Each structure stands twice: as structure tokens, then as C-alpha cells.
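> Let me see the structure of the following:
(chains A, B, C and D)
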There are 2 protein chains.
Amino acid sequence: MTRSRTLMSETTENSSPERKLRVENPTSRDIADIAGVSQATVSRALRDSPLVRKETRERIQAIARELNYFVNRNAAGLRTHQSNTIALLMFDDASEGEDTSQNLFLLSMLDAITRAAARYGYDVLVSLQQLHDDWHIEYQASHRADGLILLGYGDYVEYREKLEALSRANTRFMIWGPVVKDQPGHSFGCDNDNGGYQATGHLISLGRKNIALIGSTSRRSPELAARYTGYVRALEDAGLEENPKLVLTAQNSEQQGYAAAIDLLESGEPFDAIFAVTDLIAIGAMRALQDNGISVPEDVSIVGFDDMPLAAHVSPALTTVQQNARFGAEGLVRGIVGMIEGKPVSSTLMAPKLVVRQSCGAIRND
Amino acid sequence: MTRSRTLMSETTENSSPERKLRVENPTSRDIADIAGVSQATVSRALRDSPLVRKETRERIQAIARELNYFVNRNAAGLRTHQSNTIALLMFDDASEGEDTSQNLFLLSMLDAITRAAARYGYDVLVSLQQLHDDWHIEYQASHRADGLILLGYGDYVEYREKLEALSRANTRFMIWGPVVKDQPGHSFGCDNDNGGYQATGHLISLGRKNIALIGSTSRRSPELAARYTGYVRALEDAGLEENPKLVLTAQNSEQQGYAAAIDLLESGEPFDAIFAVTDLIAIGAMRALQDNGISVPEDVSIVGFDDMPLAAHVSPALTTVQQNARFGAEGLVRGIVGMIEGKPVSSTLMAPKLVVRQSCGAIRND
DNA sequence: CTGAAAGCGCTTACAG
DNA sequence: CTGAAAGCGCTTACAG
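From the prediction side, this is the model:
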């Protein structure tokens, strides 16, 4: 039982292309009928195969264009075992909108990843998930995606389990973020240690001696912990001693930054600078100091990390360490496409950039 | 030529499920062989068909789970002519990162749309495009998506042409945003007129008489223009006359808000309040006033629109009109899923919510 | 340079 | 409740 179609030019095989053609949902067979060639030739022509004579190829492509024909991706994918799609899994831990301002970085990553993927001929399937969700493996196993990119996470220890599961299922994936020992899969991320080093080094170069750190040294947050190790390295290289009393713990939020700075003040330990391992912490800490009559940067210099949009808008504008989303996205996509094509892929860290504004005292307000 | 497989339990058809099974990339045939049923029965069982005896169904599902089997979406899609995927086209006009802070709203929409789509059993394919890109039609025609959701746009007039093209190609789509006369397709958006009415009404209720508007009345920005008409309605309802000298033009940026406020000051026309049709404009205008020694909200009340994260952080915190992303996303997804399922769908506007902070003078700083 | 044919892995009438 | 069979729309050896 052949599907009946309304082909206006069914009888005049080689009708001039000027003729308006109408087919409901054209297939390569329809194109073939109209062009008077086999369906196989249409398939070849549409994929720009040099096997097809140029003239024929162009005629076929013109007909396809006129009919608004596009290759059925399900059929092509079934044949080739490819989807030309990358699944982007974003683990958004912002519990109920609290820290969403942070996530603008995710948006720029999404943007950059989508564009990079398009350049390689891939679509991007997005899924915002909680860490406890469990569909990670399904994307590749169901042939919806040829590989995954993982972005963001909450607790690294929990995250790590997911990575192991993906690896066991032979899923291809690239991770944005930390490079931890024996971590499964490949990653592309920011050299957080280097960023911490730059931030701290900058404060030292401004003559600051008692530099506090607010952040985390936990293996549950390896990225933040790496910023801390960079801090320690910078101090050592400058011949300064690390003072444990100046190392405070805070998760990534203004509230916790605020609280940690208050603790710091109440400890009575003298300090003339703070390296906060995230902008949110930095902004909270800055508020705490200002609320207590301490002037930034005159009395205390502050440097953050992330360069979220808010950083430029607080007063004084925050000096911070910036990661290049475009570069990161390009690296992730290049990596996953490489894995899909069976090329060797390695993990990479890119150097972040210090953005100097007012909060450190290197630049005066004009 | 049958594909050779390594099935450990090939011989023992009804082997106990405790036995570890290994197949490289299992298909429904493999499951069928192991379960000792036909491939058709496996297909039915995996789709929870009541046609299959409960016991058989559960046995099959257990085997599938153990083998880490997932239905090949390409094959299923080819058969059913569905992809269970929604394409989300985000038109991001932020020319080179300038206004990206605005786009956090897009991120919350993306988040909410993805979650809503998952609830309906749909994946989300994301594409960030420029308005001049031209792949809109391809998504549905290539069976990569069953329908589109369009988010954001620059110039409405140009956007409108894309909508007409989509409509001509019989593409299913839902639009986030404006409802304009004779617009093709269906939309779900914010009642901007109502929002403008609320904002202006609030200023009036605070005793303000000379309320300026900074924004747009152009048909190229129907959403902004609707906020303007709400402003006019509120004035009328309060028996106030619209003063053309108090209506200034600005596109959505701090710079233009700043410039417009300066123009307003230099015009010499007295005013005691500003309704800025976007937060970015409001923040720019606020800076301009403050730079000229005018106190907000003592001398001039300001209300914005959007409630971007920055709004709560500027000083004084900005009173503004908020759109509910979650609600909007749900409406868009419900709409497009309805269209896919052939149900009747209509366009809807949801009422925004006034968020009162310090900049209008209704709340004192504590 | 082109065509006939097989087959990718499903879903679903049809028949029992 | 289950199976045999057709067919979705492609891509790609194979043969000419």
C-alpha cells in the first residue's frame, strides 16, 4: 500500500524548476521522483557527495530547497547510529533561586557551547538536573546524543559517583571544572590554583601583608580548594607565612561571606586584605566590613573570583578573577566531538584573568 | 548477515534474572531473545502496554534494566513520526555581551521550560540564534523537534517576518512575549499593559503627580509600547493628563536610561517620578539623577520593570514589576504540547507583580 | 557516475 | 495475551 501523495508534477519528470511544487512532507523518494533519479542518488546529492555529477547534484538540491525538504534526522540517525547531538547536563544546585545570580556564567557557557557545537554540526540538548536525578546514562544509550557535557555541580563527592557510573556505562562525556586525581573522563576547566595565585599575588604586590582567605578547603569543593592552594603558593613565594587564623570557611553565598567576615573581625586577628574565593562571598564580606565602619579598599583590599555581572556594579567595584566562557565552551565541545570521532582527547586547564577594579586599591575612584 | 553478539545466556532462555548479562548495545531483539518472547512483545512491555501480561511485562522490564537498555529514539521516532523534543529558539540580541545581565531572565525561563517539558515527557533542544539566522523551519521539518518555543527577540518588525515564514511552513510554535494583532501562531506572555498600569498606579498612590516615562512607544518593541499604554491608562484613570514632555525614548540599556534622564533634567519640565519601562533604563536614570544631586526616592520616585537580580542590589533598591518565569514556562510548554497533540490552544497573558522596594519611597530604608 | 537492495531498530495493525 | 510482518526514511556497500 503506497502512500498516496499529491505531486503536481508527477507526470512531467523533468519539469522546469520554476514550476511550484507542493508535497506535504517530502521524503527523498519524492525528490527522486521529481528529479527522475533514484532515491540513492538523492541521498548522495544532499550530502554533497562528489560521486554525483555536479549538474545532477545541483538540480536535486534546488528541488529539495523548493520543496522545503530536510533530511529526516530519525531515519538518518537510525542508519548511521549517530544523532549529531550533544547533551548538555547542567547540575544546578541553587536551592530555590538563592544563588541564581551565579548562574549567569552557566548562561554564557550555554550560549558559547551552543554556538561552538553548531560550528561542528551538532545540536545541543539541554537538561537542567538535580544531582540526584539519574537519567545521565540514558541520553547516549537511547541514541539521543552522541556524547555529554557536564556543567556545574554541588557536592563533588556525590558528583564523582555520577562520573563513575557514566564511565561504567561507556558514555562519552566532558566535564567542565575540576581536574581531580583519577577522575573518570576528560575535563576542561579553569586553573583555579593559578587564579588563586594571581589574586593573592596581586594583593601582595599592593603591599598587603595579612591576607585573609574566605572559602573552602574541602574535597567536596575541589575548585574552591584549588583557589586556596594558589593562595598558599603565592604567600610562600612571597616569603609570607600562612596564618591559619586568617583562613575562614564559607559556602558560595553573600550571607556566608558576610558571616565569615564578621567572624574575622571578632577574632581580633589583624588583616589588611581578603581573598574571597567567589564574588558572592566577596560581596558579602565587603558589606560586613562596610557595616562595621571599615573602608574598602583603604583599610582592607578585597579580591573575588568569577567576575559575575554584579561584581562591576557593587561599590567599590570588585577586583576579581575571570574565566573565559567562550574559550571554555570551545574546549568542551572540541573535546566531546573529538571523543565522538574517536580522536585522542586530553584534559586541559585554562588560565583565568585578573580583572582589576576598585576594591583592591590598585585603582583610585576618579 | 546477522550481527554476532556475545550473549552469555543465549542457550538458557529462561535463565534466572540474577545471572549477569552483558550485551554491547542491546536492542529489543536482544531482550526478546533473553526473555524468550517476540520482539513485538518486548516493545509492548517497555511501553507499559496493558496488552502484555503483567508478569511477562515485569520480567522484560527487569531484563532491560539489567542490560541498561534504552529504546533507540531514532528508531522509535522514525516509526512514530515524533521526536518528543521541543526546540527552544532563543533570539539573543545582546550585541557583544553588553546587556547580558538582562538575560538572566532567559536562563530562568530555560530552566523552567526544561523542567516543564520533562514533566510532559519532552526533551529540549536549545538554539541561541541571531534573528538573521534562518534554520527555524528546519527543526520541525527534519523531525528533530515536534514544535518550537521562541524566546526573546530584537526588532519586532523583523521578528514578525520570521513568524510568518514559520507559519507558512506549517511549523508549530509558541511565542513568549507580545500578543500583537493578527500575529501568526500562539503566544504566552506578560500583560505588559497591566504591568505599566500597576507601576504607574503605584506612583500615583504615593502622591506623585508629574510622572515621567522613559521607554519606547514603537511598534518595533510592542512589549515596551504596551507598558507605555498601561502608563497612559493609569494616568487617565487617576484624572491626570499625559504630558508629552515627560515621555522620553530609550532602548533597554543603562546608558540610554542615563541619557534620557539627563535630557529630562535639562528640559526643565518639573517631575517627581519616573516609570522606566525596563530595570536597566531605571538604573541608568537613577544614576543620572544621583549624579545631579537629586535624591531617590525623596525628590523623585523611580519604578522599573523586569526585576532582574541587579534590581535588588542597586541603592536604593529598585521597585519594579516582576514576571513569573516558572508560570510563563509552564504556559509555553503546555501550549506547544497541546498543539503537538492536536488540542485547541489559545494565547494568554499573565499578570505581572509589582515588587515594592526603596526606590519609590513607599518603604523607608531601615 | 548511478541504481537496486539491504538493513538500521523500532511500533502497530492484523491475525490468532 | 502473543507473534509474524510490514514499513517508517534514510545511508551505503555492491554491482555495473
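> can you count the residues close to the residue lying closest to A:A273 once chain neighbours are set aside?
Nearest residue to A:A273, sequence neighbours excluded (CB to CB, 6 or more residues apart in numbering or on different chains): A:R208, at 3.8 Å. For every residue, glycine as well, the C-beta is placed using N, CA and C. If you count neighbours by other CB atoms under 10 Å in any protein chain shown, A:R208 ends up with 23.
> all helices for the stretch 151-300 of chain A, in order.
A:156-168, A:192-205, A:222-237, A:254-267, A:279-291 (DSSP state H, counting those that start in this stretch).
> The second one vs helix A:222-237, what angle?
It refers to helix A:192-205. 40 degrees (axes from the mean of the first three to the mean of the last three CA atoms, to 10 degrees).
> by contact count, what packs against helix A:192-205?
Using 3 or more CB pairs under 8 Å, 6 or more residues apart in numbering or on different chains; DSSP states H and E as the contact test, the elements touching helix A:192-205 are strand A:211-215, helix A:222-237, strand A:273-276, strand A:301-303, strand A:320-322, strand A:353-355.
> Name the stretch among these that sits most buried.
Of all those, strand A:273-276 has the most neighbours on average by mean count of other CB atoms under 10 Å in any protein chain shown, namely a mean of 30.
> Alpha carbons only: can I get that one in CSV?
Once non-C-alpha atoms are left out, strand A:273-276 reads as follows in CSV (Å, rounded to 0.1, in the frame of the first residue of the first chain):
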residue,chain,number,x,y,z
ALA,A,273,43.2,42.2,52.7
ILE,A,274,40.7,39.4,51.9
PHE,A,275,40.8,37.0,49.1
ALA,A,276,37.3,35.6,48.8
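> can you list the residues of chain A near DNA strand C?
A:37-41, A:44, A:50-54, A:56-57, A:75, A:78-79, A:81 (CB under 7 Å from any atom of the strand).
> quick one: the residue nearest to A:A273 and DNA strand C, what's the gap?
62 Å (CB to the nearest atom of the strand, to the nearest Å).
> Please look at that residue and A:S301 and confirm they touch.
Yes - with contact defined as CB atoms under 8 Å, A:R208 counts as touching A:S301 (5.6 Å).
> list residues touching both of these two?
A:272-273 (CB atoms under 8 Å, 6 or more residues apart in numbering or on different chains).
> thinking again about what came up before, include distance to A:L166 and mean pLDDT when you put the helices and strands packed on helix A:192-205 into a markdown table, please.
Listed next are these as a markdown table, based on distance: least, CB to CB, whole Å; pLDDT from 0 to 100:
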| stretch | distance to A:L166 | mean pLDDT |
| --- | --- | --- |
| strand A:211-215 | 28 | 97 |
| helix A:222-237 | 18 | 95 |
| strand A:273-276 | 33 | 98 |
| strand A:301-303 | 36 | 97 |
| strand A:320-322 | 30 | 96 |
| strand A:353-355 | 31 | 96 |
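> Distance to A:M109 for those - can I get that in CSV?
Formatted as CSV, those follow (distance: least, CB to CB, whole Å):
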stretch, distance to A:M109
strand A:211-215, 22
helix A:222-237, 14
strand A:273-276, 22
strand A:301-303, 23
strand A:320-322, 13
strand A:353-355, 16
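> wait, which of the ones you listed is closest to A:V337?
helix A:222-237 (24.6 Å; CB to CB).
> Mind giving me the packing neighbours of the closest one?
helix A:192-205, strand A:211-215.
> just how off-centre is that helix within its chain?
23 Å (CA atoms, centre = their mean, to the nearest Å).
> same deal with stretch A:63-71?
35 Å.
> what residues does the stretch 201-350 of chain A put near chain B?
A:309-310, A:313-315 (CB under 8 Å from any CB of the partner chain).
> before we move on, back to that, wait, which of the helices and strands packed on helix A:222-237 is closest to B:Q129?
helix A:192-205 (32.5 Å).
> Only the buried residues of that closest one, if you could.
A:192-204 (16 or more other CB atoms under 10 Å in any protein chain shown).
> ditto for stretch A:246-253
In stretch A:246-253, counting by 16+ other CB under 10 Å, buried: A:246-248, A:250-253.
> Filter the residues you listed down to the ones in strands?
A:247-248 (DSSP state E).
> closest to B:E24 among the buried residues of stretch A:246-253?
A:N252 (41.7 Å).
> Tell me how far that closest one lies from A:A282.
11 Å (CB to CB, to the nearest Å).
> Same check on A:M174?
29 Å.
> who has more neighbours, the two?
Each of A:M174 and A:A282 has its neighbours counted (other CB under 10 Å); A:A282 has more, 30 against 25.
> Test my guess that that one contacts A:P316.
No - with contact defined as CB under 8 Å, A:A282 does not reach A:P316; the gap is 11.2 Å.
> any common contacting residues for the two?
A:S359.
> re the thing from before, any chance of the helices of the stretch 151-300 of chain A in a markdown table, plus distance to B:V179?
Below are these laid out as a markdown table (distance: least, CB to CB, whole Å):
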| stretch | distance to B:V179 |
| --- | --- |
| helix A:156-168 | 42 |
| helix A:192-205 | 47 |
| helix A:222-237 | 44 |
| helix A:254-267 | 38 |
| helix A:279-291 | 38 |
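> Quick one: closest of those to A:L354.
Nearest of those (CB to CB): helix A:192-205, 4.7 Å.
> Give me the angle between that closest one and strand A:211-215.
Using the same axes, to 10 degrees: helix A:192-205 against strand A:211-215 is 150 degrees.
> Contacts for helix A:192-205, please.
So helix A:192-205 is in contact with A:178, A:211, A:223-224, A:226-231, A:233-235, A:237-238, A:240, A:273, A:275, A:277, A:301, A:303, A:305, A:319-321, A:323, A:349, A:351-352, A:354, A:356, A:360, A:362, going by CB under 8 Å, 6+ apart.
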